[in-house]
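With the sequence up front, the predicted model follows.
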Amino acid sequence: MDWSILRLGTRNRLLTKRDGSTHEWLVIDTYMDVFMNDPEFDRDLSNLYNDIIWQPLPWMRLNIETQFPIAASGSEFREWASNVTFMPNDAIELGLGYRQLNGHPILIDSNRIDFRAYLRVSDSWGLGFYQRWELDDSTVEVQQYNIYRDFDSWVASVGLHIRDNRDAPEEYGIMLNFTLKEFPSVRLPLSVDNE
């Protein structure tokens, strides 16, 4: 499939000085796609997208993503997704999200909330929790429980994953994740430096 897409939009960034450095406290991206060639849906225009990030304080962040149809696009679906994250102290991070999707040509309509929490037990250990509820049919779709171990340059986690597939059997899984926190610098002749 060949696609030809032109993205048109604006980006607004509001910056301020805080503690001797620049802090980006509001970002608003508004854009739409113009399709020269759309082999999938034969569209001319996409929905109008808005991505907003507001971080008035280092310990609080609000993300909002929207999609709304414009008259010329012929689209009928709408999406609203928001998420607020805050840290009441250095050891706890909490997040609450909401998403609503209506009239999408492929995905089913959705009206859901999610909650995530992270507790830093020590400099090396942490606990994580995530749940997602579909409000339309009162289903807890996803549950995750994780234990994290920080090894300075990378983090390992092991967790339990439970997924309710409604009419199909529930899924249970054990997750093992490894995350590299930063890449070491590499030089030629080849040597690795973990500064």
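Received the coordinates, thanks.

only C-alpha atoms for contact and neighbour calcs from this point on.
Noted.

Now Glu182: closest residue in space, sequence neighbours ignored.
Spatial nearest neighbour of Glu182, excluding adjacent residues (C-alpha to C-alpha, 6 or more residues apart in numbering): Ser153 at 6.3 Å.

May I see the buried residues of the longest strand along the chain?
Using DSSP state E, we find that the single longest strand of the chain is strand 21-37. Within strand 21-37, the residues scored as buried using 16 or more other C-alpha atoms under 10 Å are His23, Glu24, Trp25, Leu26, Val27, Ile28, Thr30, Tyr31, Met32, Asp33, Val34, Phe35.

What are the neighbouring residues in contact with the third one?
Translated: Trp25. Counting by C-alpha atoms under 8 Å, 6 or more residues apart in numbering, Trp25 makes contact with Arg13, Leu14, Leu15, Thr16, Ile53, Trp54, Gln55, Pro56, Leu57.

pLDDT value on the fourth one, please?
Right, Thr16. If you check Thr16, the pLDDT there is 90.

Next, give phi and psi for the residue nearest to Leu180 when sequence neighbours are not counted.
Of all residues not flanking Leu180 in the chain, Trp154 sits nearest, at 4.3 Å (C-alpha to C-alpha, 6+ apart). Main-chain torsions, Trp154, degrees, to the nearest 10: phi -150, psi 160.

Trp154 and Glu182: what is the separation?
In this view, Trp154 and Glu182 are 8 Å apart by C-alpha to C-alpha, to the nearest Å.

Please identify which of the two sits among more neighbours.
For Trp154 versus Glu182, neighbours defined as other C-alpha atoms under 10 Å are more numerous around Trp154 (13 against 10).

Leaving out chain neighbours, which residue sits closest to Trp125?
Closest residue to Trp125 apart from its sequence neighbours, by C-alpha to C-alpha, 6+ apart: Arg149 at 4.8 Å.

ok, now Ala117?
Closest residue to Ala117 apart from its sequence neighbours, by C-alpha to C-alpha, 6+ apart: Leu94 at 4.6 Å.

what sits against that neighbour?
For Leu94, the contacting residues are Thr85, Phe86, Met87, Phe115, Arg116, Ala117, Tyr118, by C-alpha under 8 Å, 6+ apart.

hang on, the earlier thing: which other helices and strands does the helix or strand containing the residue nearest to Trp125 contact?
Assessed by DSSP states H and E, Arg149 sits inside strand 139-150. The contact analysis (3 or more C-alpha pairs under 8 Å, 6 or more residues apart in numbering; DSSP states H and E) places strand 139-150 against strand 125-134, strand 154-163.
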